[in-house]
Every structure is written in C-alpha cells, then in structure tokens.
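Asks: Dropping the sequence and predicted coords here.
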Amino acid sequence: MDERRPGLDPSVAEVRRAVRPALRGLGAGSAVVVGLSGGADSLALAAAVAFEGPKAGVRALAVVVDHGLQIGSADVAAAAAAAARGLGLDARVTRVEVAGAGGPEAAARTARYGVLRAAAAEAGAAAVLVAHTLDDQAETVLLGLARGAGAASLQGMSPASDLDGVALLRPLLDVRRATTRAACAAQGLEPWEDPHNADIAYARVRVRERVLPVLEAELGPGIAGALARTAAQLREDAEAFDEMIDETIEDIVEHAEAGISVSVAALAANPAALRNRIIRHVVAAEFGQSLTRGQTIEVARLVTDWSGQGPIDLPGCRARRTGGRIEFAAAAAGGDARPTE
C-alpha cells in the first residue's frame, strides 16, 4: 500500500487513512465538496482528498469561504484556493456577508455552511467534507460540559450528519491537530494561521490555550482523547435511546385537538431517562421547539407527581393532563410561555 512506501511521512499516511473510508463509502463516480479555510486542518484534508479521491473514483471541489471579517481576507482565500489547485483539485472562492443573530462566530458558521451546501447542490456532490479534528471534538465537549447543556451537547460532533439533504462528513475526528500540522509540513504546504485562533476573547480559544493544558498537566496526558471517547460513547447511547423512542412512541402517542397526546401509564412505565426523552421528542417533532431540562421535568411531574396542577406553558405549546393522557396543544397566538429553568 502507498502508506508503506519508504519516505512517506507517518502524519501524511494517517490523514490519508482517515479520509479513505469516507470517500470509498460514497462510491465511484461520486463528487464531494471540501471546506477549505487555508488552515492546517483543512489543508491537510484537501491534500488527502486530492490523493485518495482519484483512487476511489471520487471527484472533489475545494470551496473557500471568504467571510470578510479580517483585513486581507480576500488574499488569504485566494492563496488557499491556489494551494488546492496546486494539489490537483478544482477550487473556488465565495465571499459572504456575515450577519445575523448569535454573534459573528455563529453567523459566520451559518453563512459558511450555506455556501458549502449550495456548492454541493450545484456540483451534484453527495457529501461535504470538513476538517474538524480530535482536538476540536475535545474542546466542543468541554464547552458543552461548562454550559450544562446536557448529554446532547456532550456528544460533540458526529462523524456524519445531515446538511439539508447532503451528507456532512468529518473524517478527521480521530486525528490530532498536531498530525495535520505535521502532514502539511511534510508535503511542503504552508497553512494560514488564523489570528482568531489565538484570541482569548473566544471561549473556545481559552479552552484550547488555557483549560486543556492545565488538565493535561494536572491529570496527565490523554485528556483530549478521553473527551473524544466520551463523546463517541454518548452518541452510541443516544442512538440506542432514539431507536427505543421510535419503537415506543407509535404505541403511546395519539393525535389530539390542536396537537398530540401521550399515554400517562406508558410514560410512567418507562425509566426517567426514556420518559424525558419522549417528552422532548414529542415537543420537538410536533411543534419544532426544544425544551430545557427544567421544562421537561415539570411536564414529567404531570405523570409522576400529579396533584391536579394546571396547564404548563412551554415554547410553542401547552401541556396538560387530561384523564389518562398528557395533551400537548399549540400555544395561543401571541401567548407567552412561562419560563421554567
């Protein structure tokens, strides 16, 4: 195999091995879009795709999104596209305007994925590949833990998810950031160093530069890997719960006036973890809303601690106990949901 050729750097081989299954899984004749920033992670990904793609019969387009948030961003984007072309990939640059709720970081992410999805649709691509690494995963898990966001957040990023009908693949989630940097150096690629990645105004940078090094120093090496393994285990648990919910929900849910109802007896018969997930799933599926843990627990009390309490206002809906069922009905137009934390 090519990885065993004398002189092939181990870091290059590792990145190629990580990318190969993702490309071969798409099948010959497929196309992919590679999200490229010019940083070491995405540049190493692009190089691996350029090498492995032809062997898998997969054509690739590198898409560079210029967010316009920094002076000289157009030059950085042009250099990244040129690097991709030098690797043998087709490449394009798309400039976006970053605006919207949630701050510039969230707005930039939304704009970036919108561009990648549009490029995939135009190219007829089966998947978009992005270059999140094991280190990114560890940072995501720590941030979720600090925010108390629950198991869903602690699952981190999935190796494969959906981007509006296109597969979003993260083949480097088991690869360390140091490996992508080494792979770039071994191939003579010069990655761009984003100054935002050193700006401690960002929580993720503080986790990267301050929190993880302290954990490594005080608890020993391997913390990032342990966090990534935790995320993988929680995703497995979540998938099992989702299967259980899918099997259970058909038997306990009925349509009701202006909403949906769930059997009290069936909810009571399930363990708390599954009961709470069913409640959240019903509200999300029927009304497109997410419940906090406090809201979920209050609805669960209609099952486990029923003492005649009245309806509970929730985002987009209202829950009440009627006989042997919990009814979820759409909230009245203009009604305010009572916050429950």
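Replies: Right, received. Where do you want to start?
Asks: Is R20 within a helix or a strand, and which one?
Replies: R20 belongs to helix 10-24 when assigned by DSSP states H and E.
Asks: Starting from the helix or strand following that helix, tell me which strands it pairs with and how they run.
Replies: The C-terminal neighbour of helix 10-24 among helices and strands, as given by DSSP H and E, is strand 31-35. If you go by DSSP bridges, strand 31-35 pairs up with strand 59-66 (parallel), strand 127-129 (parallel).
Asks: Give the next helix or strand downstream of the longest helix seen in the chain.
Replies: Assignment by DSSP state H gives helix 223-252 as the longest helix of the chain. The first helix or strand that comes after helix 223-252 along the chain, using DSSP H and E, is strand 253-256.
Asks: thought A256 was touching G323?
Replies: No - using CB atoms under 8 Å, A256 is not in contact with G323; the gap is 11.5 Å. Heads up, the C-betas are built off the backbone N, CA and C, glycines and all.
Asks: OK, contacts around V128?
Replies: 32-35, 116-117, 119-120, 163, 166-169 (CB atoms under 8 Å, 6 or more residues apart in numbering).
Asks: same question, Q155
Replies: With the criterion set at CB under 8 Å, 6+ apart, Q155 makes contact with A231, L234, R235, A238.
Asks: Now tabulate those in JSON lines and tack on neighbour count and pLDDT.
Replies: What follows is the contacts of Q155, written out as JSON lines (neighbours: other CB atoms under 10 Å; pLDDT from 0 to 100):
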{"residue": "A231", "neighbour count": "23", "pLDDT": "90"}
{"residue": "L234", "neighbour count": "18", "pLDDT": "87"}
{"residue": "R235", "neighbour count": "18", "pLDDT": "87"}
{"residue": "A238", "neighbour count": "16", "pLDDT": "81"}
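Asks: can you give me the strands in the stretch 201-341 of the chain?
Replies: Under the criterion DSSP state E, counting those that start in this stretch, the stretch 201-341 of the chain contains strands at 253-256, 259-263, 312-314, 317-322, 325-330.
Asks: let me redo that: the stretch 51-200 of the chain
Replies: 59-66, 90-95, 127-129, 160-163, 166-169.
Asks: could those be laid out in JSON lines, adding mean pLDDT?
Replies: Putting these into JSON lines (pLDDT from 0 to 100) gives the following:
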{"stretch": "strand 59-66", "mean pLDDT": "96"}
{"stretch": "strand 90-95", "mean pLDDT": "95"}
{"stretch": "strand 127-129", "mean pLDDT": "98"}
{"stretch": "strand 160-163", "mean pLDDT": "94"}
{"stretch": "strand 166-169", "mean pLDDT": "97"}
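Asks: out of the strands paired with strand 31-35, which comes closest to V262?
Replies: Comparing the strands paired with strand 31-35 against V262 with CB to CB, the closest turns out to be strand 127-129 (36.7 Å).
Asks: next one: the closest one to chain centre, how far?
Replies: Relative to its chain's centre, strand 127-129 lies at 13 Å (CA atoms, centre = their mean, to the nearest Å).
Asks: tell me what the helix holding R20 is packed against?
Replies: helix 40-56, strand 127-129, helix 177-186 (3 or more CB pairs under 8 Å, 6 or more residues apart in numbering; DSSP states H and E).
Asks: before we move on, back to that, now the contacts of Q155 in a markdown table, please, with extra columns for distance to V49.
Replies: Below are the contacts of Q155 laid out as a markdown table (distance: CB to CB, whole Å):
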| residue | distance to V49 |
| --- | --- |
| A231 | 24 |
| L234 | 29 |
| R235 | 24 |
| A238 | 29 |
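Asks: Go through the residues you listed and name the one nearest A99.
Replies: Closest approach to A99 among the contacts of Q155 (CB to CB): A231, at 31.2 Å.
Asks: and the gap between the closest one and P159?
Replies: A231 is 10 Å from P159, where distance means CB to CB, to the nearest Å.
Asks: Same question for A178.
Replies: A178 is 20 Å from P159, by CB to CB.
Asks: picking up where we left off before, give me the angle between the longest helix of the chain and strand 259-263.
Replies: Helix 223-252 and strand 259-263 are oriented at 90 degrees to each other (axes from the mean of the first three to the mean of the last three CA atoms, to 10 degrees).
Asks: Does anything pack onto helix 223-252? Which helices or strands?
Replies: When contacts are defined as 3+ CB pairs under 8 Å, 6+ apart, helix 223-252 packs onto helix 134-147, helix 151-154, helix 212-219, helix 264-269, helix 272-287.
Asks: Contacts only, for A269.
Replies: Listed by CB under 8 Å, 6+ apart, A269 has no contact partners.
Asks: Thank you kindly, that will do.
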